[in-house]
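Enquirer: Make a model of this:
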Amino acid sequence: MTVARVVAVAPGSPASTAGICPGDDLLAVNGELVRDVIRYQVQADEACVELDVQRGGLEQHVVVEKDAGEPLGIELSAAVFDQVRTCDNHCPFCFIFQLPPGMRRSLYLRDDDYRLSFLYGNFTTLTRFTEADLERVVTEGLSPLYVSIHATDPIVRAQLLRNRRGAVSLRWLTALLDAGVTVHGQVVVCPGLNDGAALDDTLLGVLDRYPALATVAVVPVGVAVHSREDSLRAHTPDEAQRVLDQVAAWQARFVAALGRRVVFAADEYYLLAGRPFPDADAYDGFEQHENGIGMARTFLADAEAALAGRPGPGTGPRAGFFAWVDGAPPDGYRAPRSTPRPASDAAPAPVGIVTGEYGAAVLAPLLPALTRHAGVPVRVVPVTNRYFGGNIAVTGLLTGADVAAALEGEPAGHRYLLPDVVLSRDRFLDDRTVEDLPRPVELVATDGASLVAALP
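Expert: Numbering: from 1, shown residues only. Got it, this is the predicted structure:
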């Protein structure tokens, strides 16, 4: 069992007043062993909180008096303390299997834990879900959850998960939906495995057996150069066109049957197919924004609104693919992207926006308007993802090494804006920091309004 260690205490908070210190091990809250931050938060919301802590090998009992619902002010070292439930599937498209060696250990953990689904939006296959898990989800209101569907045909799903339990584990999806739990689904489409007729069959299965699903994201498989799966390959532009046509046809069927679109295609499909993004109202509230569904549209809408001096739609936090692995801070238990860094006070200078190849494609139409707004040339500095290679082109998976390579030949004296989604606790995926880059950068929150605000 992992220790629930206190890594930070907010100054002046009830926990600080009671004498709780960083480095304390939290053993129990109100007499209950600390399993995860979900139960911790429930217990810590009480007006009187009894903490059993261990400091220097000695156990202490601390009573904290505060207002009900007032935060204790404690930041814990992780989200789960009774061991993360790991994944026993062997999906050929699993991105964790495609990671190169040498990254920090936490990135290689393949979880299939419904608690991380609730806390961070991680997708779970439900192959390790149990009756006890269902009871807890329902009684504690752990909603929404995010479920990897991939296929609704039992045989195809078992083959995709390479786990015979994959054929029957969607029975838990039925149970969750019947209990009124909000569930968002995902289908990772792999050419030759679950595309074409198999994708049609999957979406028919959703309409027939899981109509209460809130949304279903259709996303393309990511294939890194480190993949060892011969059957795995990226989509071609023509295949991306066909997937978009299928999604559009199924949206019309869902609207006719249920009054809502339900299924949405990832932004990557539109970029690969060379099609414009749908209007904002076509995303029904952007409920899978952090899964890359409508992220480009909201970014453009936010930027255009900021340029016009009016508020944009906004969508909340940008978590990033690996946001959960290194900690559980109190602000929604999402790993902070980075420490804010003030903009330069120097004279106006040309601006380079450092971003991935997909980000560069999204930003390109905005550059003339951004240049007019800034009064200086604004350009993109596209970063090729050589670390992962393959078709990995999203900004959130850029490493310090690739950003450094892109900046190496850039002129000194320019301003370089770097989206904070590339960092988690001030570190890139390869453990480098912005101090390792050959040019100074200014960190900017990953939304259109923040980008406009960062310009002169």
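Enquirer: Check this protein for me, the residue farthest from its geometric middle.
Expert: Computed with CA atoms, centre = their mean, the residue of the chain farthest from its C-alpha average is Leu58, at 38.8 Å.
Enquirer: Val42 versus that one, what's the distance?
Expert: As judged by CB to CB, to the nearest Å, Leu58 and Val42 stand 27 Å apart. C-beta coordinates here come from the backbone N, C-alpha and C atoms, glycine included.
Enquirer: ok, Ala283 touching Val262?
Expert: Check again: residue 283 is Tyr, not Ala. No. The pair Tyr283 / Val262 is not scored as a contact, 11.7 Å apart, by CB atoms under 8 Å.
Enquirer: quick one, strands of the protein?
Expert: 4-9, 25-29, 32-33, 48-55, 58-65, 74-76, 145-148, 183-189, 215-220, 263-265, 351-356, 378-383, 415-419, 442-444 (DSSP state E).
Enquirer: Which elements pack onto the last one?
Expert: Using 3 or more CB pairs under 8 Å, 6 or more residues apart in numbering; DSSP states H and E, the elements in contact with strand 442-444 are strand 415-419, helix 448-454.
Enquirer: Just the helices from the chain, written as ranges.
Expert: 14-17, 37-44, 114-120, 131-140, 154-161, 171-178, 197-209, 237-258, 267-273, 295-307, 357-363, 367-374, 400-408, 448-454 (DSSP state H).
Enquirer: Model confidence for the residue farthest from the centre of the chain, exactly?
Expert: Looking at Leu58, its pLDDT reads 94.
Enquirer: what pairs with it across the strands?
Expert: Arg55 (DSSP bridges).
Enquirer: how close does it get to Asp302?
Expert: 52 Å.
Enquirer: Tell me who's in contact with Thr433.
Expert: Each residue near Thr433 by CB atoms under 8 Å, 6 or more residues apart in numbering is listed here: Gly400, Asp426, Arg427.
Enquirer: Give me the below-cutoff pLDDT ranges for this protein.
Expert: For the chain, the stretches flagged by pLDDT under 70 are 1-2, 314-347.
Enquirer: Quickly list the domain ranges of it.
Expert: Annotated domains of the chain cover 4-76, 96-293, 298-456 [automatic domain parsing].
Enquirer: would TSV of the contacts of Thr433 with neighbour count and distance to Leu176 be doable?
Expert: Listed next are those as TSV, based on neighbours: other CB atoms under 10 Å; distance: CB to CB, whole Å:
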residue	neighbour count	distance to Leu176
Gly400	21	40
Asp426	15	37
Arg427	17	35
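Enquirer: picking that back up, please tabulate the domains of the chain in JSON lines, including the columns distance to Thr86.
Expert: JSON lines is the format used below for the domains of the chain (distance: least, CB to CB, whole Å):
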{"stretch": "domain 4-76", "distance to Thr86": "15"}
{"stretch": "domain 96-293", "distance to Thr86": "6"}
{"stretch": "domain 298-456", "distance to Thr86": "13"}
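Enquirer: Would you mind saying which of those lies nearest Arg85?
Expert: domain 96-293 (4.0 Å; CB to CB).
Enquirer: quick one: that closest one to chain centroid distance?
Expert: 14 Å (CA atoms, centre = their mean, to the nearest Å).
Enquirer: ends of that domain, how far apart?
Expert: 21 Å (CA to CA, to the nearest Å).
Enquirer: Flag every buried residue along stretch 416-429.
Expert: Tyr416, Leu417, Leu418, Pro419, Asp420, Val421, Val422, Leu423, Ser424, Arg427, Phe428, Leu429 (16 or more other CB atoms under 10 Å).
Enquirer: which among those gets closest to Val62?
Expert: Nearest member of the buried residues of stretch 416-429 to Val62, counting by CB to CB, is Ser424, at 31.1 Å.
Enquirer: still on that earlier bit, can I get the buried residues of stretch 416-429 in a markdown table including distance to Glu408?
Expert: As requested, those are exported to a markdown table (distance: CB to CB, whole Å):
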| residue | distance to Glu408 |
| --- | --- |
| Tyr416 | 12 |
| Leu417 | 17 |
| Leu418 | 15 |
| Pro419 | 19 |
| Asp420 | 21 |
| Val421 | 22 |
| Val422 | 17 |
| Leu423 | 19 |
| Ser424 | 24 |
| Arg427 | 20 |
| Phe428 | 16 |
| Leu429 | 19 |
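Enquirer: Return the member of these nearest to Val243.
Expert: Using CB to CB, the buried residues of stretch 416-429 come closest to Val243 at Val421, 25.0 Å.
Enquirer: what's the nearest residue to the closest one if we skip its chain neighbours?
Expert: Thr446 (4.2 Å; CB to CB, 6 or more residues apart in numbering).
Enquirer: With Ala412 instead?
Expert: The nearest residue in space to Ala412 (CB to CB, 6+ apart) is Arg439, at 6.9 Å.
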